[in-house]
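K.L.:
compute the structure for the input listed below.
(one chain, ligands or ions: 2)
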Amino acid sequence: MDTPFLKAKPILKKLHDNGYEAFFVGGAVRDYLLNRDIGDIDIATSAKPDEIQQIFNHTIDVGAEHGTIIVLFDNLPYEVTTYRAESGYEDFRRPNSVTYITSLEKDLKRRDFTINAMAMDSHETLYDYFNGREDLKKRVIRTVGNASERFTEDALRMLRAVRFVSQLNFALCPTTLTAIKDYGYLLSKISIERKTIEFDKLLKGTNYQNALHLIVDLNIHQFLPGLIEKEQELMKLSNYDFSFLRTKEEFWTLLTYLIKPHSIEAFLRGWKLPVKLMKEVQRRIQFIDMLKDKDWDDEQLYDAGDELAVSVERLRVVLMEWANCNERIRKIQQRFAMLPIKERGELAVTGHDVIKIVKQNPGPWVSVALSKIERAVVTNKVVNERNAIKEWLLTCNQDFDRNC
Ligand code: ATP
Ligand code: MG
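P.N.:
Ligands and ions are numbered 1, 2, ... in the order given. Next up is the predicted model:
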């Protein structure tokens, strides 16, 4: 048993000791059987949310009305969810209310795909009522039960199917594929936030090429923000080598850059991305546009900062299909390390010093002067020493609009 499960075993034990059933379920079991890195560990139990809260000292109520409590154990969070049946799906979305049940099998039955519908106990015994193991071997994604019904219950599952194609390098089984063709339009009913989570995972999957092709073949891009009639752009995107990309910011930048929306901001807003992420993407695109295929100059490196510069360089390697990624990154890091200063705070003078040197009353000119000094230091026009800067400032003749 892998370490993450070993760490979580005491939670199962505690639930058992209190007379409840409890199992590892979902993605962690799937990834364990596939020998993949295990992400979050989810636990399903016959204990009700209030009972879970009574048993464990540290819990967070993240959705007790849906049966989910986070148990903090050894400083790690575990989602512990009461066995439940979902009924009364309305408007092709997740149901608003759930019914607690006592059967593990029924809890597994409401899950989306056979490979996600297995449970495992602390002795590694597998509870596999829907042949998930066999589908893992066959490398197929198949809904639990009738695909059309499961997709009309919750249309997001169709996008989840394609994101698992990307993450696991699996194929969609024919009935699941056909049902997506028939019901893909129901994705229009699903909240942007839920779609964004799945699309983000899809972009980061190793089999993103097939997944992007599938999205277009199945025509579901029409129901994703800003991707209507962007099939050519999506196909182009699928041809790039994402393997150099590391961060969320980079994946979303590549997507946005190649989709070429009329308004970058409106496109990113359409996905309801966090403001910080939107800004990071916009900054990266500004640098990509400014640099084109040219090398960075010192001012550009300084303005970007090393983290952003490296990230932009990784994106340029992908976009320009340059071969020597690591070498380029190393060069950027070396050049950044050699800059005379890395930020304004490292200047040998402050605003106060500048006022004293120039002997003028404080005013907005101080900030103009500081940024001129900053540029001059970064571009090696003046050494970052108090006296050198003083001399240089005086030669400016107190005229900071002049190009000193
Ligand atoms: P990942 O490793 O990427 O987190 P995961 O399989 O754990 O993948 P989650 O979105 O974390 O995916 O969901 C946890 C489990 O909950 C799934 O494995 C599946 O059993 C179930 N599940 C999640 N979303 C749905 C849904 N829309 N319909 C039915 N079951 C779902
Ligand atoms: Mg998960």
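K.L.:
could you look up the SS state of D61?
P.N.:
With DSSP: H, G, I helix; E, B strand; the rest coil as the basis, D61 sits in strand.
K.L.:
so what's the residue count around it?
P.N.:
Residues within reach of D61, counting by other Cβ atoms under 10 Å, total 13. From N, CA and C alone the C-beta is placed, and that goes for glycine too.
K.L.:
how about T175?
P.N.:
Neighbours of T175 under the rule other Cβ under 10 Å: 13.
K.L.:
so it makes contact with A147?
P.N.:
Yes: T175 is within contact range of A147, at 5.0 Å (criterion: Cβ atoms under 8 Å).
K.L.:
pretty sure L186 sits in a helix.
P.N.:
Yes: under three-state DSSP, L186 sits within a helix.
K.L.:
next, the spatially most central residue of the chain: phi, psi?
P.N.:
Centroid-nearest residue in the chain: K248, 4.4 Å away (criterion: Cα atoms, centre = their mean). Backbone torsions of K248, given as degrees, to the nearest 10, read phi -50, psi -40.
K.L.:
in contact with it, which residues are there?
P.N.:
By Cβ atoms under 8 Å, 6 or more residues apart in numbering, the residues touching K248 are 200, 204, 277.
K.L.:
okay, these in JSON lines with distance to I389, neighbour count and secondary structure next?
P.N.:
Listed next are those as JSON lines, based on distance: Cβ to Cβ, whole Å; neighbours: other Cβ atoms under 10 Å; DSSP: H, G, I helix; E, B strand; the rest coil:
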{"residue": "D200", "distance to I389": "47", "neighbour count": "17", "secondary structure": "helix"}
{"residue": "K204", "distance to I389": "46", "neighbour count": "18", "secondary structure": "helix"}
{"residue": "L277", "distance to I389": "38", "neighbour count": "17", "secondary structure": "helix"}
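K.L.:
and the strands in the protein?
P.N.:
22-25, 42-45, 59-63, 68-73, 76-82, 84-86, 98-100, 119-120, 126-127, 140-141, 171-172 (DSSP state E).
K.L.:
mind putting these into CSV with mean pLDDT and distance to V354?
P.N.:
Converted to CSV, the strands of the chain look like this (pLDDT from 0 to 100; distance: least, Cβ to Cβ, whole Å):
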stretch, mean pLDDT, distance to V354
strand 22-25, 98, 63
strand 42-45, 97, 59
strand 59-63, 89, 51
strand 68-73, 94, 51
strand 76-82, 95, 50
strand 84-86, 86, 66
strand 98-100, 86, 65
strand 119-120, 98, 67
strand 126-127, 98, 71
strand 140-141, 98, 64
strand 171-172, 98, 65
